[in-house]
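J.: attaching a predicted model along with its sequence, questions to come.
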Amino acid sequence: MSDIQSLGVVAVIGGTGSEGSGFAMRWAQAGLDVVIGSRRAEKGERVAAELREKLGDVRLRGASNLEAAQMADVVVLSVPYESQETIIESIKPGLAGKVMVTVVAPLLGEKKGRYAPAPGGSAAMEAQAQVGPETRVVAAFQNVSAHHLVDPEHQIDCDVLVCGNKRADRNIAVALAKAAGMRGVHAGALQNAAVSEGLTAVLISINAIYKTRNAGIRITGIEA
Ligand SMILES: NC(=O)c1ccc[n+]([C@@H]2O[C@H](COP(=O)([O-])OP(=O)(O)OC[C@H]3O[C@@H](n4cnc5c(N)ncnc54)[C@H](OP(=O)(O)O)[C@@H]3O)[C@@H](O)[C@H]2O)c1
């Protein structure tokens, strides 16, 4: 089982966004060495500086997406599905031999509450096909709302489904979930990520119908 000390440097590609910045902040707060990647290095640096201001003494820097991936031991992909292919292409030289944890969920419509299955089976499967066998893709965090992530005092009330072909790789995402204050649950092969990606649209719809922003999932019947 990976613990956070063994994770090394974690890069959040698209870490300037609402989802990625929330995770970057929580992982830095937990003691991880975090790099926020952006298409523009200065934007990544600016967001990292804002978070350092909020958190105090943490290891949190900004860089271009490619530099962030190259510096990292673990790469987290947190960009809109529409830009996934372009962004992966731009960071590919920094990915070989690493685990890339993707939070990407393909969504459709103005309010994003419709699931649009990715042509390649899922966004995660498409990412794996694009990066090739030298990079192992793990899908996680698709069902965690950004809304409370950015509040460092807020305890996030949900589980994190983790899909990936090797248990050791999934353990990395489980450790990241723990560092962010959540329970990671092994949810089988990467092929199963289509289900977690679909659940994102379901949760967004639930949020709209029940007028909340925090719908999440909890797995019952396994050890706490
Ligand atoms: N937000 C949520 O509550 C939530 C929940 C679960 C899953 N997700 C998934 O997590 C991923 C990130 O979500 P998010 O809400 O953080 O997204 P976002 O804020 O729209 O975008 C994240 C970052 O991606 C880069 N980006 C935005 N548009 C781009 C484009 N057209 N081309 C290239 N790069 C672009 C931007 O970084 P730079 O400008 O710095 O390059 C941006 O800050 C998505 O796949 C989403 O489905 C989100």
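T.: Looks like it came in fine. Numbering: from 1, shown residues only.

J.: residue 40 and the ligand, how far apart?
T.: 6 Å (CB to the nearest ligand atom, to the nearest Å). All C-beta atoms are positioned from the backbone trio N, CA, C, and that covers glycine.

J.: give the contact list for that residue.
T.: residue 64 (CB atoms under 8 Å, 6 or more residues apart in numbering).

J.: nearest spatial neighbour of residue 79, skipping sequence neighbours?
T.: residue 14 (3.7 Å; CB to CB, 6 or more residues apart in numbering).

J.: over to residue 74?
T.: In space, residue 74 is closest to residue 10, 4.9 Å off (CB to CB, 6+ apart).

J.: ok so, going back, could I get the pLDDT score of the residue nearest to residue 79?
T.: With respect to pLDDT, residue 14 scores 98.

J.: which residues sit in contact with residue 203?
T.: 143, 145, 215-217.

J.: tell me the pLDDT of residue 109.
T.: 72.

J.: how far away is it from residue 218?
T.: Distance from residue 109 to residue 218, counting by CB to CB, to the nearest Å: 26 Å.

J.: so what's the residue of the chain found nearest the ligand up against?
T.: Nearest to the ligand in the chain, going by CB to the nearest ligand atom, is residue 17, at a distance of 2.4 Å. Contacts for residue 17 were tallied using CB under 8 Å, 6+ apart; they are 78-79, 146.

J.: now, the residues you listed that are in strands?
T.: Using DSSP state E, no member of the contacts of residue 17 sits in strands.

J.: export those residues to JSON lines and tack on distance to the ligand, neighbour count and pLDDT?
T.: Listed next are the contacts of residue 17 as JSON lines, based on distance: CB to the nearest ligand atom, whole Å; neighbours: other CB atoms under 10 Å; pLDDT from 0 to 100:
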{"residue": "78", "distance to the ligand": "4", "neighbour count": "26", "pLDDT": "98"}
{"residue": "79", "distance to the ligand": "4", "neighbour count": "24", "pLDDT": "98"}
{"residue": "146", "distance to the ligand": "3", "neighbour count": "16", "pLDDT": "93"}
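
J.: I'd guess residue 154 is in a strand, am I close?
T.: No. Judged by DSSP: H, G, I helix; E, B strand; the rest coil, residue 154 forms no part of a strand; its state is coil.

J.: leaving out chain neighbours, which residue sits closest to it?
T.: residue 148 (4.2 Å).

J.: hmm, the one you found is touching residue 181, no?
T.: No. Using CB atoms under 8 Å, residue 148 is not in contact with residue 181; the gap is 10.3 Å.

J.: the two: who's more crowded?
T.: Taking neighbours as other CB atoms under 10 Å, residue 148 and residue 181 compare with residue 148 leading, 18 against 15.

J.: helix/strand/coil for that one?
T.: coil.

J.: excluding chain neighbours, what is closest to residue 204?
T.: Going by CB to CB, 6+ apart, residue 204 has residue 113 as its nearest residue, at 4.4 Å.
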